[in-house]
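**Student:** missing the sequence, but the structure's below:
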């Protein structure tokens, strides 16, 4: 008899409160049950049960050992379930949180392709600009953007990175002149996209001289990149736009990319989920799908930006 089997017998005896009841439940003889307990105590060199003619009680060491046994049985069940369901078809509701503009541009199109592969999954996307509590708010996965890896008890996976560029409309530049270096921005009407991880008082740009900080005189703020793209198109001022929000306006010549040697500090995209030992099939397949899809989508936008820069040079 192996150790795991002895542990199961011990746990059943502790739960049943007697050797006889445990033997009946396990379809074993009382002798076999008693020997299993004796051998386990000898292996551990400690007494697990106090036995009298009327009752059985756990010792202090036995109580601690029982708790560990229950944890081990749970891990084994999870491992078996994961192995059994490795090729199971994902199904049920999958709740995903993502920032609004990033979600609209990348995640919704990816979701459409995912649903074709896994039609039994009901994908529920929440698009917002706040930082949610994954557990408290009941999300399965949060897609977050940050300058560095999250300092969190959650499990995270890196999915790619995005950056922003400096944009302005031709009519604004005709009225106010073209800034040729980051310090020139300090006398312009700069507009800021507000979100939980960016400053409302300055921009950090990376360029030929390394990292440069620009203090802002902000005359307009908004929390959605697509809304800011409209403000730029209307000539309200200069703004940093994420590449995915800028490409359409640049392609249609609604505004221009200025200070082309500079980009805003990169933001990394992370998928966060709770530290489960057994990931539900729908969570696992969605993460696998994003790891395949997002890098290609991000790369395509970078290539499109480079092509536009060549054409409009």
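**Tutor:** Arrived safely. Given the structure is predicted, the values throughout are model-derived calculations rather than measurements.

**Student:** ranges for the helices of the chain?
**Tutor:** Remark: helices assigned in the chain by DSSP state H are 3-16, 19-26, 30-44, 60-84, 100-102, 108-117, 134-137, 170-176, 225-233, 243-251, 281-311.

**Student:** Quick one: work out the angle between the last one and helix 108-117.
**Tutor:** Computed by axes from the mean of the first three to the mean of the last three C-alpha atoms, to 10 degrees, the angle separating helix 281-311 from helix 108-117 equals 140 degrees.

**Student:** Report the buried residues of helix 281-311.
**Tutor:** 281-287, 289-290, 293-294, 297-298, 301, 304-305, 308 (16 or more other C-beta atoms under 10 Å). Where you see a C-beta, it was placed from the backbone N, CA and C, and this is true even at glycine.

**Student:** mind listing the strands for the stretch 151-300 of the chain?
**Tutor:** Ranges of strands in the stretch 151-300 of the chain, per DSSP state E, counting those that start in this stretch, are 155-162, 164-168, 190-193, 202-207, 210-215, 218-222, 238-242, 256-258, 263-264, 267-273.

**Student:** follow-up on the earlier one: so which of the helices of the chain is nearest residue 145?
**Tutor:** helix 100-102 (6.7 Å; C-beta to C-beta).

**Student:** for the closest one, which positions count as buried?
**Tutor:** Of all the residues in helix 100-102, those buried under the rule 16+ other C-beta under 10 Å are 100, 101, 102.

**Student:** Next one: the residue nearest to residue 55 when sequence neighbours are not counted relative to residue 57, how far apart?
**Tutor:** The shortest distance from residue 55 to any non-neighbouring residue, by C-beta to C-beta, 6 or more residues apart in numbering, is to residue 17 (6.7 Å). Residue 17 is 9 Å from residue 57, where distance means C-beta to C-beta, to the nearest Å.

**Student:** Then residue 22?
**Tutor:** According to C-beta to C-beta, residue 22 stands 14 Å off from residue 57.
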